[in-house]
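Novice: Test case, fold it:
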Amino acid sequence: MIGYTTIGTKDLDKALAFYDSLLGELGGKRVMEMKNGQLYGFAQGPLFGVTKPFNGDNQNCGNGNMIALRCTSKEKVAEVHAKALSLGGVDEGAPGDRSSGFYGAYFRDLDGNKLCAFTMA
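Specialist: Purely as a prediction, here's the structure:
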């Protein structure tokens, strides 16, 4: 079981404003402040962290890295995707059926980190 994930940011204040609103759509809220970032918690599931890189180097996105956010319905997938785009995120794939009951939508945050909002049939 995954306990928490983290993503890096270049601008913590902008990233936290983005994720406060986006993760709020899924019931997420700030639960633990760290020196270089913030952890968000949910009723169930792992924590989600947004941090400036601990080693002080520049933030970058790993090729093939992605975090998927579980949603309760196809409608919620569409809402989360739309919210991400309204907050300045970039579309990486509109909501739709992908395969075997997997319904997802893809986007990048303000720092280029790739995320997926999804639900399973």
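
Novice: mind listing the helices for the chain?
Specialist: Using DSSP state H, the helices found in the chain span residues 12-24, 74-86.

Novice: Now mean neighbour count and mean pLDDT too, for those helices, in CSV please.
Specialist: C-beta: built from backbone N, CA, C; applies to glycine. As requested, those are arranged in CSV below (neighbours: other C-beta atoms under 10 Å; pLDDT from 0 to 100):
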stretch, mean neighbour count, mean pLDDT
helix 12-24, 17, 98
helix 74-86, 18, 98
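
Novice: So which bits of stretch 84-95 are buried?
Specialist: Ala84, Leu87, Gly89, Pro95 (16 or more other C-beta atoms under 10 Å).

Novice: got the contact list for the spatially closest residue to Met32 that is not a sequence neighbour?
Specialist: Sequence neighbours aside, Leu39 is the residue nearest to Met32 in space, at 4.2 Å (criterion: C-beta to C-beta, 6 or more residues apart in numbering). Contacts for Leu39 were tallied using C-beta atoms under 8 Å, 6 or more residues apart in numbering; they are Tyr4, Arg30, Val31, Met32, Glu33, Leu47, Phe48, Gly49.
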